[in-house]
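Colleague: Need coordinates for the below:
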Amino acid sequence: MNAQELVHLHALLFELRAALEREGMVADDAFDAYEAQPVRPQHIHRSKEAHETAIGLLLDGLGQSVRIHPPPEHVSAS
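Modeller: Model (predicted):
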């Protein structure tokens, strides 16, 4: 994945986190490790490795949140 794609993915995951937070579906302390690191999606001149680390931390927090607050079951229209 090139640097631009990583920054874009970082931004998308950051927005997903915000959406889950608005819905109250974030586990306590799920994003502490992400918050402790300095790279955010708007830091486009940071290294690929820095964005990869940030993405990994966001994914860890999202995973914790989904395990604690699973999405509702899909309801069929039939």
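
Colleague: tell me which element residue 6 falls in.
Modeller: Secondary structure from DSSP states H and E places residue 6 in helix 3-22.

Colleague: Check which residues of whichever helix or strand comes after that helix are buried.
Modeller: Counting by DSSP H and E, the next helix or strand C-terminal to helix 3-22 is helix 32-36. Within helix 32-36, the residues that count as buried by 16 or more other CB atoms under 10 Å are residue 34. All C-beta spots, glycine's among them, are computed from the backbone N, C-alpha and C.

Colleague: Output the contacting helices and strands for the helix or strand that comes right after helix 32-36.
Modeller: As assigned by DSSP H and E, the chain's next helix or strand after helix 32-36 is helix 48-68. Using 3 or more CB pairs under 8 Å, 6 or more residues apart in numbering; DSSP states H and E, the elements in contact with helix 48-68 are helix 3-22, helix 32-36.

Colleague: could I get these as a markdown table with mean pLDDT and distance to residue 48?
Modeller: A markdown table is the format used below for those (pLDDT from 0 to 100; distance: least, CB to CB, whole Å):
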| stretch | mean pLDDT | distance to residue 48 |
| --- | --- | --- |
| helix 3-22 | 96 | 5 |
| helix 32-36 | 98 | 17 |
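
Colleague: most packed of those?
Modeller: Of all the helices and strands packed on helix 48-68, helix 3-22 carries the top mean neighbour count, a mean of 15, counting by mean count of other CB atoms under 10 Å.

Colleague: so the helix holding residue 6 versus helix 48-68, what angle?
Modeller: For helix 3-22 against helix 48-68, the angle by axes from the mean of the first three to the mean of the last three CA atoms, to 10 degrees is 30 degrees.

Colleague: who are the neighbours of helix 3-22, in terms of helices and strands?
Modeller: helix 48-68.

Colleague: For the helix it packs on, list every residue counted as buried.
Modeller: Using 16+ other CB under 10 Å as the test for burial, helix 48-68 gives 50-55, 57-58, 61-62, 64-65.
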